[in-house]
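> Using only what follows, build the 3D model:
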Amino acid sequence: PFRDEVHSGNAVTTFDVIDSVPGLGAREEDWERLLASSPSAHLSHSYPFVFANAKTRMSDRDWRLYVAQSGGDVKAGVFGVRAALSFHRLNVPTVQPGTEFISDLLIAPDTTNDTVGTLLSDILAREGVPCINFGRLTPLGAEAVTAGARARGLPFTRRPASYGFSSDVTISIEDFYRRMSVKGRQTVRRKSRRIDRALSVEFQIVDPQSVEENRDWFRAFLSLEASGWKGREGTAIRIRDGNEAYFQTLVDAAAARSMMRWYLLLVDGHPISMMMAMRTGAVIWVPKVAYAEAYAAHSPGVELAQDR
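Residues are numbered from 1 along each chain as shown. Here you go, the predicted model:
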């Protein structure tokens with residue numbers, strides 16, 4: 001059965017479920033404190049992303065925000081939605097009801113394996129489903145899920161995936177290059193020299209202070225993104241069904257919290273590459289990049305990432 005609280009010594013851990021947008025708003029400060037302290041933080045954990053998903057992509061689905069808290073602090077949480085899950089069992093395609101998470105597991109530094117395991121088992125019990133699917137996990141998130149599942153005797157399987165939104169800006173650019181492969185390092189430097197020789201480029205950081213200003217930059221980003229191959233292939237935000245409303249809600253929510261940044265590479269005052277970025281603490285997250293296809297040979301997106 002689902003348990004509302006668990007006692008361990010003098011500590012009491014409670015488990016809550018939020019399933020309404022007003023309920024999300026009431027827990028925003030708690031959630032952002034957890035995000036700031038968590039070793040497994042990811043862009044999809046931030047309140048603007050959770051809020052945008054609840055308001056748009058998941059507005060007509062049975063979504064939940066599950067949280068575990070102790071001593072007045074949130075210790076773990078995850079945003080999920082009921083779904084029909086497809087996977088292979090003994091090489092046979094299988095579909096069964098389950099709970100699918102569109103965000104990583106978010107944990108505090110002192111979250112115990114037992115807390116994570118209890119959260120997982122209680123989700124299974126409360127939802128009445130046989131399985132939970134985490135689409136993608138950070139390495140620390142995967143470790144937490146693995147240890148928590150073992151603590152509660154829950155079976156699990158995992159497979160590696162390559163995916164990411166962020167870069168480590170706490171290291172020098174020289175150290176960044178040293179961590180790249182020799183071929184990758186040579187390619188980046190060669191293209192950087194090429195664009196410097198061919199064009200007079202200017203790097204600019206835009207930090208709009210109002211939601212309306214950010215909406216103007218968002219519209220400029222949409223136009224630049226849709227002008228190239230993403231527009232032709234139907235993957236641009238403006239073209240994919242529901243994406244514009246989702247990202248507009250995301251940008252508005254992030255702008256209201258002074259999280260938005262726009263990074264531009266300019267030629268003659270016009271952007272040839274743009275990054276939609278959000279800052280949480282010391283991390284810059286970049287969910288989307290756009291560039292003018294006429295300058296593709298100069299790799300303006302790579303140059304912009306270096307300047308940033």
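> Show me the shaky parts of the chain.
The model of the chain has pLDDT under 70 over residues 1-6, 8-11, 85-104, 136, 161-171, 173, 176, 185-199, 297-308.
> the strands in it, which residues?
5-8, 11-18, 63-70, 73-89, 92-101, 106-107, 132-134, 201-206, 260-267, 270-280, 283-291 (DSSP state E).
> Just name the most buried of those strands.
strand 106-107 (a mean of 29; mean count of other C-beta atoms under 10 Å). (Glycine included, C-beta is placed from N, CA and C.)
> follow-up on the earlier one: closest to Ser172 out of the strands of the chain?
strand 283-291 (15.7 Å; C-beta to C-beta).
> on that earlier part again, need the strands of the chain in a markdown table with distance to Val251, can you?
Formatted as a markdown table, these follow (distance: least, C-beta to C-beta, whole Å):
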| stretch | distance to Val251 |
| --- | --- |
| strand 5-8 | 38 |
| strand 11-18 | 23 |
| strand 63-70 | 21 |
| strand 73-89 | 19 |
| strand 92-101 | 23 |
| strand 106-107 | 22 |
| strand 132-134 | 26 |
| strand 201-206 | 13 |
| strand 260-267 | 6 |
| strand 270-280 | 7 |
| strand 283-291 | 10 |
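> who wins for proximity to Ser46 among the ones you listed?
If you check each of the strands of the chain against Ser46 by C-beta to C-beta, strand 270-280 wins as the nearest, at 5.6 Å.
> re earlier: and Ala36, which of the strands of the chain is closest to it?
strand 270-280 (7.3 Å).
> where exactly do the helices run in the stretch 101-250 of the chain?
Along the stretch 101-250 of the chain, counting by DSSP state H, counting those that start in this stretch, helices occupy 113-127, 139-151, 173-178, 182-198, 211-226, 229-233, 243-256.
> of the strands of the chain, which approaches Glu225 most closely?
strand 283-291 (3.7 Å).
> and the closest one, C-alpha only, in PDB?
Provided in PDB are the C-alpha atoms of strand 283-291 (Å, rounded to 0.1, in the frame of the first residue of the first chain):
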ATOM      1  CA  VAL A 283      25.000  26.200 -14.600                       C
ATOM      2  CA  ILE A 284      24.000  27.500 -18.000                       C
ATOM      3  CA  TRP A 285      21.500  25.200 -19.700                       C
ATOM      4  CA  VAL A 286      21.000  25.400 -23.500                       C
ATOM      5  CA  PRO A 287      17.900  23.500 -24.700                       C
ATOM      6  CA  LYS A 288      17.900  25.000 -28.200                       C
ATOM      7  CA  VAL A 289      20.400  26.400 -30.700                       C
ATOM      8  CA  ALA A 290      19.600  28.000 -34.100                       C
ATOM      9  CA  TYR A 291      21.800  29.300 -36.900                       C
END
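> re the thing from before, between the strands of the chain, which one is closest to Trp217.
Per C-beta to C-beta, nearest to Trp217 of the strands of the chain: strand 260-267, 4.8 Å.
> Quick check: Ser227 vs Ala236, distance?
As for Ser227, its distance to Ala236 is 9 Å (criterion: C-beta to C-beta, to the nearest Å).
> The two: who's more crowded?
A count of neighbours by other C-beta atoms under 10 Å puts Ala236 above the other of Ser227 and Ala236, at 22 against 16.
> Could you tell me how far stretch 220-229 lies from the centre of the chain?
22 Å (C-alpha atoms, centre = their mean, to the nearest Å).
> what's that stretch in contact with?
With contacts defined as C-beta atoms under 8 Å, 6 or more residues apart in numbering, stretch 220-229 is touched by 231, 236-239, 244, 262, 271, 274, 276, 288, 290-293, 296.
> Nearest to Arg150 among these?
Lys288 (37.0 Å).
> What's the separation between Tyr177 and Gly71?
Taking C-beta to C-beta as the measure, Tyr177 falls 44 Å from Gly71.
> The two: who's more crowded?
A count of neighbours by other C-beta under 10 Å puts Tyr177 above the other of Tyr177 and Gly71, at 14 against 9.
> From Gly184, how far out is that one?
Counting by C-beta to C-beta - Tyr177 and Gly184 are separated by 9 Å.
> Would you reformat the helices of the stretch 101-250 of the chain as TSV and include distance to Val12?
Shown next, in TSV, are the helices of the stretch 101-250 of the chain (distance: least, C-beta to C-beta, whole Å):
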stretch	distance to Val12
helix 113-127	11
helix 139-151	18
helix 173-178	44
helix 182-198	50
helix 211-226	40
helix 229-233	50
helix 243-256	32
